[in-house]
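# what follows is a protein structure lacking sequence information:
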């Protein structure tokens with residue numbers, strides 16, 4: 001009797017050990033880059049599946065420097081690329097004429113132009129007249145300007161990802177004339193996809209907001225706290241890296257105009273003619289100006305598009321701000337606890353069912369419930385750590401489920417051979 005009991009105990013021990021190893025692997029493997037990336041890909045697919053509709057698309061207008069604009073400016077105006085900078089001043093001035101709330105230009109003007117200083121000076125005059133145009137700045141981890149004219153005070157513990165040594169600013173003529181600057185930096189995730197943004201950076205004990213948030217800062221103090229940033233009476237949820245997840249819309253229903261059409265309308269107004277675009281369309285809108293033409297190299301992969309203009313990232317952040325439509329992220333331990341529970345449930349289901357087929361089917365059903373739970377979280381703007389939540393139960397299904405199949409097969413084979421020794425093969 002004792003040897004038989006020992007064999008049964010050994011079998012149970014093997015089952016427990018294998019399940020424990022599978023669950024432990026499911027909780028540890030997500031720390032590997034490859035597994036983490038696969039979890040992000042699944043999260044992207046789930047977000048696409050659920051979709052997300054812009055809540056305030058009418059408040060945002062996008063002016064696109066597209067291929068049509070490049071072609072028409074070359075053919076009709078004889079202007080090749082790059083354009084004189086005062087053209088952007090004219091575009092900004094046209095939007096300001098229509099009483100736009102703020103105008104953000106997602107283009108760096110940090111070097112000398114081939115059209116000379118006079119082009120920058122004319123652009124500066126447009127900026128001063130508009131009084132609500134914000135220009136792009138790039139930050140650096142190594143060196144750069146630390147000018148504090150448009151920087152804000154801050155408090156709290158700064159996330160490492162938000163610490164910078166300096167900035168690459170617009171040329172002096174434009175810097176002195178603009179209403180503010182905003183950072184246009186962005187670091188993709190490990191797979192090269194842009195899902196998150198640092199809402200602000202610190203430079204020389206001051207803070208610089210991202211371009212989409214720059215009109216709302218106005219030198220207001222920023223307060224970094226655990227997993228959140230307080231800015232101008234709003235709280236932005238941050239992840240463990242201090243970054244804001246962007247709640248991209250499935251389809252961006254912003255009003256869009258080609259830069260060339262705006263330029264032509266501006267010329268028409270100056271000539272007392274009827275413009276194709278009435279300036280009043282910009283009233284109370286937030287306007288973004290940037291590149292979308294493929295040849296201008298500002299296309300970036302996002303969860304909803306493999307080639308999205310960088311300006312769309314700023315538009316999405318702006319829309320999140322205007323709508324208070326932010327994404328929260330679950331902490332690793334929260335997703336890990338859920339993953340652990342489903343891993344244990346999967347193990348119990350696999351070994352409690354008498355039928356191996358029912359056991360595997362029930363375990364698959366549990367995995368499906370877990371997957372649907374992640375979708376439910378996402379639908380409430382709460383992002384789980386997909387790999388941590390799904391992998392333990394999946395590995396238990398593969399490991400313990402496979403173990404049960406093997407044991408069932410061996411026992412069936414043993415019974416078959418035992419019967420064949422007692423009766424004829426046909427009867428067995």
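Here it is on my side, so go on. These figures come from a predicted structure and were not determined experimentally.

# avg pLDDT for the helix or strand containing residue 209?
Using DSSP states H and E, residue 209 sits in strand 206-209. Looking at strand 206-209 alone, the average pLDDT works out to 92.

# can you name the element that comes right after that strand?
Scanning forward in sequence from strand 206-209, with DSSP H and E defining helices and strands, the next element found is helix 214-217.

# residues contacting that following helix, please?
Contacting residues not belonging to helix 214-217 are listed as 101-102, 104, 132, 134, 150, 152, 180-182, 209, 231-232, 234, 286, 321 [CB atoms under 8 Å, 6 or more residues apart in numbering]. Bear in mind the C-beta positions are built from the backbone N, C-alpha and C, glycine included.

# inside helices: which ones of the residues you listed?
With helices taken from DSSP state H, the overlap with the contacts of helix 214-217 comprises residue 321.

# circling back to that earlier point, identify the residues contacting the strand holding residue 209?
The contact list for strand 206-209 (CB under 8 Å, 6+ apart) reads 137, 139, 146, 148, 150-154, 164, 167, 181-183, 199-202, 216-217, 222, 231.

# give me that answer again for 7 Å
The list of residues contacting strand 206-209 from outside it, by CB atoms under 7 Å, 6 or more residues apart in numbering, reads 137, 139, 148, 151-154, 167, 182-183, 199-201, 217, 222.

# if we can go back for a sec, of the contacts of helix 214-217, which belong to strands?
By the criterion of DSSP state E, membership of the contacts of helix 214-217 in strands covers 102, 104, 134, 180, 181, 182, 209, 231, 234, 286.

# check pLDDT for those residues and point me to the minimum.
Summarising pLDDT for the ones in strands among the contacts of helix 214-217: the lowest-scoring member is residue 231, with 87.

# pull out the buried members of the contacts of helix 214-217.
Listed as buried from those are 102, 104, 132, 134, 150, 152, 180-182, 209, 231, 286, 321; burial here means 16 or more other CB atoms under 10 Å.

# re the thing from before, between which two of the contacts of strand 206-209 is the distance greatest?
The two members of the contacts of strand 206-209 with the most space between them (CB to CB) are 148 and 199, at 18.8 Å.

# so those two - more neighbours on which side?
Neighbours around residue 148 and residue 199, counted as other CB atoms under 10 Å, are more numerous at residue 199. The numbers are 23 against 14.

# what's near enough to touch that one?
Contact partners of residue 199, counting by CB under 7 Å, 6+ apart, are 209, 210, 213, 229, 236, 244.

# for the stretch 1-150 of the chain, what spans make up the strands?
Along the stretch 1-150 of the chain, the stretches classed as strands by DSSP state E, counting those that start in this stretch are 60-65, 102-105, 133-140.

# now the ones you listed as CSV including distance to residue 291?
Converted to CSV, the strands of the stretch 1-150 of the chain look like this (distance: least, CB to CB, whole Å):
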stretch, distance to residue 291
strand 60-65, 5
strand 102-105, 11
strand 133-140, 11
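
# out of those, which is the most enclosed?
Mean neighbour count (mean count of other CB atoms under 10 Å) peaks for strand 102-105 among the strands of the stretch 1-150 of the chain, with a mean of 26.

# contacts for that one?
Strand 102-105 is touched from outside by 88, 92, 95-96, 130, 132-136, 182, 211-212, 214-215, 286-289, 314, with contacts defined as CB under 7 Å, 6+ apart.

# give the pairing partners of that strand; include direction for each.
Based on DSSP bridges, the pairing partners of strand 102-105 within the sheet are strand 133-140 (parallel), strand 286-291 (parallel).

# so which of those strands is nearest residue 396?
So among the strands paired with strand 102-105, strand 133-140 is nearest, using CB to CB, at 45.1 Å.

# rounded mean pLDDT for the helix or strand following the closest one, please.
Heading C-terminal from strand 133-140, the first helix or strand you meet, by DSSP H and E, is strand 154-156. pLDDT averaged over strand 154-156 equals 90, rounded to a whole number.

# quick one: strands adjacent to the helix or strand just after strand 154-156?
Once the chain leaves strand 154-156, the next helix or strand it forms, by DSSP H and E, is strand 163-164. According to DSSP bridges, strand 163-164 has the following sheet partners: strand 200-203 (parallel).

# what's in contact with stretch 135-147?
Outside stretch 135-147, the residues that touch it by CB under 7 Å, 6+ apart are 105-109, 164-170, 174, 178, 181-185, 201, 203-204, 208, 211.

# how about a cut-off of 6 Å?
Identification of contacts with stretch 135-147 by CB atoms under 6 Å, 6 or more residues apart in numbering yields 105-106, 108, 164-170, 178, 181, 183-185, 201, 203-204, 211.

# ends of it, how far apart?
Across stretch 135-147, the straight-line distance between its terminal residues is 15 Å, by CA to CA, to the nearest Å.

# my guess is residue 202 contacts residue 159. True?
No: under the criterion of CB atoms under 6 Å, residue 202 is not in contact with residue 159, lying 9.2 Å apart.
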